[in-house]
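Participant: sequence and predicted structure below; questions after.
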Amino acid sequence: MEILHLLADEAAQVGSSLISSLNPTIIGLIFGGSLLGMLVGAIPGLTATMALALLINLSYGMQLENAVAFLLAVYIGAVSGGLNAAIMINIPGTPSAAATCLDGFPLAKQGKGGLAMGTGVIASFVGTIFSIAVMIFLSPLIYKIALKFGHWELFLLALFGIMICGTLSAGKDPLKGWIVGFLGFGAAMVGMEQIFAYPRLTFGYLQLKGGIPLIPALIGVFGVSEFLAVLQEEVAYKIEGKVGKVIPPMREFIPLIPSAIRSGIIGVVIGAIPGAGEDIGSWLSYDVGKRRSKKGHLFGTGSYEGLVCSEVANNAVIGGAMIPLLTLAVPGSPPSAMFLAAVWLHGVRPGPMLNFENPGFLPLVAAMLILGSIAMLIWGLSLAKPMVAVLKIKREILLPIVIPLTVIGAYAGGVRIFDVYLMLAFGVLGYVLRQMDYPLAPLVLGLILGPLADTSFRRALQQSRGAIMPLLERPIGLILIACVVWLIWTGAKRTKQYYAEKAIADAAEDAAATAADLK
Amino acid sequence: MTGRVHKGSGADYISAVCLIVFGAAFSIAALRMRVFNNSILVSPGLFPLILGGVFILLGLLLFRSAAKRGGREQALHVLGKENLNAFFSSPRVRKGTVLLLLVVAYVVAVGHLPFLWATAAYLIVTFFYLKAMKLHWSILLAFAAAWAITAAFRDLFRIPMP
C-alpha cells in the first residue's frame, strides 16, 4: 500500500510540474532545443552527446527549470534526429539509429521514405513516453533502496558502474573498456581530495586544484574527437528516392504494439545499465524482435516492425538512463553524463538524497521529458522534408563551425582559458583512444564516479578500522561484489576468446598473403 | 614475421607498455602523498596507489595477449622508418593530423586574439583546406558564422566569451 501511495504521489507531482511548466519561455526552449537537437542528430556521424556538448553552453545562464527543459529537449531531439539520415541515405545520423538503416533504407528505396520517417518518429515518441512512465514509477522504489547504501556500497556501485560500462561498450574486448574506465578514475584523482582537501597530482598548477572540470573534459572527449574522426573519413552518399507521404495510417500501428512494448522494456533496461547507451539498446531490440516476430524473415527488407523495434528502443533508453542518474548519480548513457554535468553546474546533486535536497527535481525531469517528446513528435512529422534538405548540405561546411562552439562551451563554465586547453587535451586523448578501438564512455563514467569511489572506499575502511570482514557481511555489498566478480570472469573469458580468434585471423591472413606472393 | 601490418597487436603492445609505465609513475606519486593522523586507511594516496597497481595489472594482461599475437614484432615494424613514412603519407592520417593542428592553432589563437577574428581565420583556413566551397564564399561564410556565433552567445545569451 505504501508503494502505491508513493507512486500516486509521484504521478500527481509530475502532473503539477507539467502544468506549471506550460509557460511561453519553457515551451519556446523545448521547441527550440528539440529542433536544434534534431538538426545535429540528422548530420551523419554526430551523436546525441555531441549535440549536448555543443549546446550545453546555452544553458549556463538559464534558470534550473529552463536549463533542464532545454537540455532534455536537445537530448530527445538528437536521438530521434538520427533516423532521417538512416532512412534516406543509409548512414545513421547518430550511432543509435544504425539498426534503423536496415529497414528504413529499403523502405526509402521503395519510395516510402516519408512513411518510414513518420513511423520512426511516432515509434520514438512511444519509446520515450514508455520510458518516462517506467522512470516515474521505478525511481521512488530505487530511492528507498539507495538510502540503505553506506560508504562501502557506494564504492562498490562506482566500481560496478565502470566495470559494466567497460564490458558493454568495448564490444568483444572488455579489457580495453576496463582500462579506459580506470583511466577515468585516475583522471578524477587530480585536484583536492574530499576528506583532507589535500591537493593531488596538480603538478603545481593552481587551476587543477579544483580537479578536472567535467564539462570541458566531456566536450573534448565527445566533441573535438568526434569532429576529427568524422571529418577524417570520406563518406560519399546520395539521397534515395522521394520522401512522399509522412504520416502513416493509424491502423498500421495496431499489429506493432507488442513489438513496441517489448522494445520499450529492452530500451529501459539497457538505459538503466551504466554507460550502455542508445545504440546497444537499439541493436539488441532489433535482434530480439527479429527472432521473436512472426514476420522476422521480413526484417532487413523494409519491415515497419523492424523499424519500430529499433526506434522505440533507442528512445526508451533516454528514460531508462535517467533512472540510475537521478537515484544513484550514475549516468546510464554518455548524453545523460552531459546532462548530469549540466545540472551539477546549477547546484543540483542527483543521488539518493535528491528527494530530500530537491524534492521537485524528479517530477520536473519527467515533465520536461514529456514536453520534449511532444515537441520532437511535432517537429519530426512536420519537418521530415526540410530535414532531408539538411542532409544535402556538405559536412565540410557544417562541421568546422562545431569547433568554435566547443571552445565557448569549455570556456564559459569557469571563464578560464585553461579549460579550453584542457578540452583540447581531452579531445586529443579521445581521438587517439578512438583510433586504437578503445571505447570512450567508460572514461567519462570513471571521471564522474572517481571521487565517489575514492572517498567512499577510504571512509568505509575507516569505519571498519581497516577490517575487511565486517564489510563482507553487508547484503547489498555482497550482491554488488558478486556482480563485479561475474563481470570480471565473463569479461576475461570473452577477451581471451576474442584475442584467440584474432590471432587465428592474423595467421590466416599471413598464410594467404604468402601464398599469393609465391604465385 | 611477414612484414605485414595487422591492425591491433602492435598498438596494443605499445599501449600496454605505456600503461605499465603510467601505473608505476602513478603508484610512485601516490606513495609520495602525505599520510594524515598516521593512518594509511584514509590517506589521500591510498586509492591512487591501488589504481596504480590496477593500471600495471591491466597493462600486463594487455601486454601478454599482444605479445602472444606477435605484438613486439608488429610494434617494431609499425615504428620502422618505411612504415612510418607510409603511415603519415596516407591521406586519412594526413587529413586527421592537419585538422588537429588547425584546432590546436585556433585554441592558441583564441587565447591571444579577439574571438571573432580568431574564429573567422580558423573557419576560412579549414573551409579552404577541406575544399568546402570557393574561397570568396569561404571568407563570407566564415565571417558570417563568426559574427553570428559571437552575437548569439555574447549578446543574446550573455555567455562569457574567450
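Facilitator: All right, it came through fine.
Participant: okay, now A:I162: neighbour count?
Facilitator: 32 (other Cβ atoms under 10 Å in any protein chain shown). For glycine as for every other residue, the C-beta is placed from the backbone atoms N, C-alpha and C.
Participant: separation between it and chain B?
Facilitator: Separation of A:I162 from chain B (Cβ to the nearest Cβ, to the nearest Å) stands at 11 Å.
Participant: ok, now A:S333?
Facilitator: 24 Å.
Participant: ok, now which ones touch that residue?
Facilitator: A:271, A:275-278, A:317-318, A:321, A:441 (Cβ atoms under 8 Å, 6 or more residues apart in numbering or on different chains).
Participant: least confident of those residues?
Facilitator: Among these, A:G275 carries the lowest pLDDT, at 68.
Participant: grab the longest helix from chain A for me.
Facilitator: Assignment by DSSP state H gives helix A:475-518 as the longest helix of chain A.
Participant: name the helices or strands packed onto that helix?
Facilitator: Where contact means 3 or more Cβ pairs under 8 Å, 6 or more residues apart in numbering or on different chains; DSSP states H and E, helix A:475-518 is packed against helix A:151-169, helix A:174-188, helix A:469-472, helix B:46-68.
Participant: out of the ones you listed, which comes closest to A:D510?
Facilitator: For A:D510, the closest of the helices and strands packed on helix A:475-518 is helix B:46-68, at 15.0 Å, according to Cβ to Cβ.
Participant: so which elements touch the closest one?
Facilitator: In terms of contacts (3+ Cβ pairs under 8 Å, 6+ apart), helix B:46-68 is packed against helix A:174-188, helix A:441-463, helix A:475-518, helix B:9-31.
Participant: weakest of these in terms of mean pLDDT?
Facilitator: Taking the mean pLDDT of the helices and strands packed on helix B:46-68, helix A:475-518 comes last: a mean of 85.
Participant: the inter-axis angle of that one versus helix A:174-188?
Facilitator: Interaxial angle, helix A:475-518 versus helix A:174-188 (axes from the mean of the first three to the mean of the last three Cα atoms, to 10 degrees): 120 degrees.
Participant: what residue ranges in the chain score low on pLDDT?
Facilitator: No chain specified, so I'll use chain A. Segments of chain A classed as low confidence (criterion: pLDDT under 70) are A:1, A:45, A:235-241, A:275.
Participant: hmm, no, I was thinking of chain B.
Facilitator: B:1-7.
Participant: list the contacts of the residue nearest the centre of chain B.
Facilitator: Centroid-nearest residue in chain B, with Cα atoms, centre = their mean: B:L100, separated by 9.1 Å. Going by Cβ under 8 Å, 6+ apart, B:L100 touches A:228, A:428, A:431.
Participant: helices or strands up against the host helix or strand of the first one?
Facilitator: In this case it means A:L228. Assigned by DSSP states H and E, A:L228 belongs to helix A:225-232. On a contact count with 3+ Cβ pairs under 8 Å, 6+ apart, helix A:225-232 meets helix A:395-398, helix A:402-414, helix A:417-435, helix B:91-110.
Participant: turn those into CSV, including distance to B:K68.
Facilitator: Converted to CSV, the helices and strands packed on helix A:225-232 look like this (distance: least, Cβ to Cβ, whole Å):
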stretch, distance to B:K68
helix A:395-398, 40
helix A:402-414, 40
helix A:417-435, 23
helix B:91-110, 28
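Participant: which among these is found nearest to A:I26?
Facilitator: Comparing these under Cβ to Cβ, the one sitting nearest is helix A:402-414, at 22.0 Å.
Participant: list of residues touching the closest one?
Facilitator: Residues contacting helix A:402-414 (Cβ under 8 Å, 6+ apart): A:46, A:50, A:53-57, A:60, A:213, A:215-216, A:219-220, A:223-224, A:227, A:345, A:417, A:419-420, A:422-423, A:427, B:103, B:106-107, B:110, B:115, B:119, B:122-123, B:126, B:145-146, B:149, B:153, B:159-162.
Participant: go with 6 Å
Facilitator: A:54, A:56-57, A:60, A:213, A:215-216, A:219, A:223-224, A:227, A:419-420, A:423, B:103, B:110, B:119, B:149, B:153, B:159-160, B:162 (Cβ atoms under 6 Å, 6 or more residues apart in numbering or on different chains).
Participant: before we move on, what about stretch A:12-24?
Facilitator: A:136, A:363-364, A:366-367.
Participant: at 10 Å what do you get?
Facilitator: A:26-27, A:30, A:65-66, A:68-69, A:132-133, A:135-136, A:359-371 (Cβ atoms under 10 Å, 6 or more residues apart in numbering or on different chains).
Participant: buried ones only from these, please, as a ChimeraX command.
Facilitator: Here is the ChimeraX command that selects only those of those that count as buried (16 or more other Cβ atoms under 10 Å in any protein chain shown):
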select /A:26,30,65,66,68,69,132,133,135,136,361,362,363,364,365,366,367,368,369,370,371
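Participant: among the contacts of stretch A:12-24, which are in strands?
Facilitator: Among the contacts of stretch A:12-24, none falls in strands (DSSP state E).
Participant: in helices only, show me the contacts of stretch A:12-24.
Facilitator: A:26-27, A:30, A:65-66, A:68-69, A:132-133, A:135-136, A:361-371.
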